[in-house]
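Enquirer: Next come a sequence and a model predicted from it.
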Amino acid sequence: MIDRPVEPVDLFIIGGGINGCGIARDAAGRGLSVTLAEMNDLASATSSASTKLFHGGLRYLEYFEFRLVREALVEREVLLRAMPHISWPMRFVLPYHKDMRFESDTPTSRLLSYVMPWMKGRRPAWLIRLGLFLYDNLGGRKILPGTTTLDLVGTPEGAPLEDRFARAYEYSDCWIEDSRLVILNARDAEARGAAILPRTKVVSAAREGDLWRVETHNSENGETRIHHAKMLVNAGGPWVGDIIQTKVRLNSTEGVRLVRGSHIVTRKIYDHDKCYFFQGTDGRIIFAIPYEGDFTLIGTTDAEHDDPSKPPVCTPEEQSYLLDFANQYFRETLSDADVVWTYSGVRPLYDDGASSATAATRDYTLKVDANGGAPVLNIFGGKITTYRRLAESALEQIADHLPNATGPWTAGVTLPGGDFAVDGFEALVSDLQDQFAFLNAFWAHRLVRAYGTEAVSVLGTAREAKDLGQDFGATLTEAEVLWLMTHEYAYTAEDVVWRRNKLGLRLSPEQITTLDTWMAAQRQAMSKAAE
């Protein structure tokens with residue numbers, strides 16, 4: 001059944017990843033009417049499968065991508081102030097050894113091979129230090145400490161590493177809870193007037209004069225609806241090319257290059273809270289990052305991924321590659337038995353003709369097509385660190401088509417739950433435990449990391465743990481799940497334990513099944529109550 005057409009909106013956004021939700025928030029805050037449709041759960045693809053870093057991209061300096069690196073470095077601190085619950089500073093340890101090499105096809109490696117052929121592709125220490133000097137100073141750093149030289153002999157940072165690593169450089173970047181970032185942007189967009197439609201697939205989109213006619217299908221209730229919009233935004237991520245060809249049907253020469261990035265999560269490898277930046281003999285790099293308290297995250301790979309409809313998975317070959325890479329550094333040998341979880345995402349990079357997946361640009365490309373009527377903006381590439389700037393750039397690109405929009409506003413404006421000082425996290429945890437005495441340290445820490453100042457609302461009037469209803473395990477309660485269903489678009493257990501949090505690492509399959517069954521019954525009860 002097709003519902004009656006709704007009133008035209010200024011923007012109809014296809015895609016509920018970080019780019020789509022970031023643009024929806026920015027546009028709604030400028031006074032534009034916005035509808036966003038995502039065919040699955042929000043952040044269900046690339047935006048929940050990143051390496052989870054707000055970082056400038058140290059290795060991009062080797063490709064001379066100075067604009068991208070500078071923009072990302074500036075953004076780290078802008079974003080840190082806006083979301084200190086889901087983002088926080090981290091120190092990165094870059095062990096140095098004389099055998100470290102460049103990837104062979106970077107501009108820097110070609111230049112060094114020409115002027116210093118005797119180095120045979122090795123990275124000299126002075127060049128790494130120069131790169132870190134640029135990294136410290138390109139972005140006008142104010143909060144994050146700069147680079148230092150670190151002695152690895154007899155130190156906690158050196159203890160997990162092989163003895164051949166005696167020296168390291170230590171620099172700053174930031175962690176980000178990627179899928180929560182998407183959800184909070186969507187929530188803020190909705191609070192500012194946007195309509196957010198998860199599990200709503202765009203069936204077709206066609207120009208009708210100066211409007212787009214968009215047909216959607218909701219997989220929850222089976223509803224088909226017709227929307228009209230002055231402008232279409234294609235933020236489909238890995239499906240951006242498919243949307244251009246099969247939904248919007250544009251005659252476009254712009255291409256997308258799909259690059260799969262896989263990660264492994266192992267048991268906790270070391271005790272300190274710093275990350276490692278490892279350089280391989282093949283010129284690539286990986287990170288080893290403390291993860292969820294009891295684990296270590298290792299990634300990422302760069303592999304071509306031809307079909308967006310094929311779910312990305314970490315292949316056995318990629319898992320072996322990451323383990324072998326890490327084993328070049330860690331004293332204790334890691335094996336498949338140490339891997340507790342893997343995940344993989346597809347980066348929709350702009351096809352710039354680069355010779356390898358690693359060399360393809362991570363910068364974003366925005367293309368407006370106004371030929372034949374109502375305009376469409378297609379978005380290629382981008383890094384999670386620069387999502388806010390991408391949104392601003394998108395609104396700049398389409399300003400002529402939507403002249404009633406106001407100016408930029410998002411810099412420094414907090415996301416839900418982020419209204420506290422960058423260094424105020426521990427105080428907030430302490431306050432929460434004072435108010436809710438039944439919380440243990442892990443529970444309080446987890447709630448503040450997820451919800452910030454809104455953790456109090458999640459717990460409500462509870463005075464004992466039993467007041468929060470059913471206990472699903474690992475501190476996940478009925479009250480929290482209801483909050484996620486009513487405030488954060490959660491629909492299934494997978495939405496909760498892998499995207500709203502990562503408690504899937506701690507819950508058994510039976511516990512997750514119990515949660516899913518409970519949520520299904522709750523949805524049915526909510527649906528009947530709404531009738």
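Expert: It's in. Numbering: from 1, shown residues only.
Enquirer: Tell me which stretches of the stretch 351-500 of the chain form helices.
Expert: Using DSSP state H, counting those that start in this stretch, the helices of the stretch 351-500 of the chain run over 387-397, 425-435, 441-451, 455-459, 478-487, 493-494.
Enquirer: the bottom helix or strand of this structure by mean pLDDT?
Expert: Ranked by mean pLDDT, DSSP states H and E, the weakest helix or strand in the chain is helix 107-115, scoring a mean of 62.
Enquirer: returning to what we had before: out of the helices of the stretch 351-500 of the chain, which is closest to L130?
Expert: helix 387-397 (25.8 Å; Cβ to Cβ). In this view, the C-beta of every residue, glycine as well, is placed from N, C-alpha and C.
Enquirer: If you count neighbours, what's buried in the next helix or strand after the least confident helix or strand of the chain?
Expert: Sequence order places helix 125-137 as the next helix or strand after helix 107-115, per DSSP states H and E. Neighbour-count burial for helix 125-137 flags 127-128, 131-132, 134-136 (criterion: 16 or more other Cβ atoms under 10 Å).
Enquirer: is it true that E332 touches R267?
Expert: No: shown here, E332 and R267 do not form a contact pair, counting by Cβ atoms under 8 Å, at 10.6 Å.
Enquirer: Kindly list the longest helix within this protein.
Expert: Of all the segments of type helix in the chain, defined by DSSP state H, the longest one is helix 509-530.
Enquirer: which helices and strands does that helix pack with?
Expert: On a contact count with 3 or more Cβ pairs under 8 Å, 6 or more residues apart in numbering; DSSP states H and E, helix 509-530 meets strand 471-473, helix 478-487, helix 493-494.
Enquirer: of all these, which lies closest to G17?
Expert: Across the helices and strands packed on helix 509-530, closest to G17 is helix 493-494 (Cβ to Cβ), at 16.6 Å.
Enquirer: Show me what the closest one is in contact with.
Expert: Here helix 493-494 makes contact (Cβ atoms under 8 Å, 6 or more residues apart in numbering) with 41, 504, 512-513, 515-516, 519.
Enquirer: Tabulate the residues you listed (CSV), appending neighbour count and pLDDT.
Expert: Converted to CSV, those look like this (neighbours: other Cβ atoms under 10 Å; pLDDT from 0 to 100):
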residue, neighbour count, pLDDT
D41, 23, 98
G504, 18, 98
I512, 20, 98
T513, 12, 98
L515, 23, 98
D516, 16, 98
M519, 22, 98
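Enquirer: Just flag the most distant two among those.
Expert: Put simply, by Cβ to Cβ the two of the contacts of helix 493-494 set farthest apart are D41 and T513, 18.1 Å from each other.
Enquirer: how about low-confidence regions in the protein?
Expert: 1-6, 63, 100-123, 251-253, 352-362 (pLDDT under 70).
Enquirer: again, only this time at 80
Expert: Applying pLDDT under 80 to the chain flags the ranges 1-6, 59-64, 98-127, 249-255, 281-283, 351-363, 372, 530-531.
Enquirer: From E510, how far out is the spatially most central residue of it?
Expert: Most central in the chain under Cα atoms, centre = their mean is D178, positioned 3.4 Å from the mean C-alpha point. Separation of D178 from E510 (Cβ to Cβ, to the nearest Å): 28 Å.
Enquirer: if we can go back for a sec, so what's the residue nearest to the centre of the chain up against?
Expert: Neighbouring residues of D178 by Cβ under 8 Å, 6+ apart: 18, 43, 47-50, 52, 384.
Enquirer: Could you dump these into CSV and include neighbour count?
Expert: As requested, the contacts of D178 are exported to CSV (neighbours: other Cβ atoms under 10 Å):
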residue, neighbour count
I18, 31
A43, 29
S47, 27
S48, 25
A49, 24
S50, 23
K52, 22
I384, 25
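Enquirer: ok, of those residues, which one's closest to R260?
Expert: Comparing those against R260 with Cβ to Cβ places A49 closest, at 9.5 Å.
Enquirer: Now that that closest one has come up, it's in contact with G345, right?
Expert: Yes: with contact defined as Cβ under 8 Å, A49 and G345 form a contacting pair (2.7 Å).
Enquirer: can you list residues touching both of these two?
Expert: Both A49 and G345 are in contact with 261, 312, where contact means Cβ under 8 Å, 6+ apart.
Enquirer: follow-up on the earlier one: take the buried residues of helix 125-137 and lay them out in CSV including distance to D338.
Expert: What follows is those, written out as CSV (distance: Cβ to Cβ, whole Å):
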residue, distance to D338
L127, 34
I128, 29
G131, 32
L132, 31
L134, 36
Y135, 31
D136, 34
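Enquirer: Closest one of the residues you listed to L211?
Expert: Set against L211, the nearest of these by Cβ to Cβ is Y135 (46.3 Å).
Enquirer: you'd agree the closest one is up against Y60?
Expert: No: between Y135 and Y60 no contact is recorded; they are 10.1 Å apart, counting by Cβ under 8 Å.
Enquirer: Overlap of the contact sets of those two?
Expert: Common neighbours of Y135 and Y60, using Cβ under 8 Å, 6+ apart, are V69.
Enquirer: Contact partners for T46?
Expert: Contacts for T46 (Cβ under 8 Å, 6+ apart) come out as 17, 237-238, 345-348.
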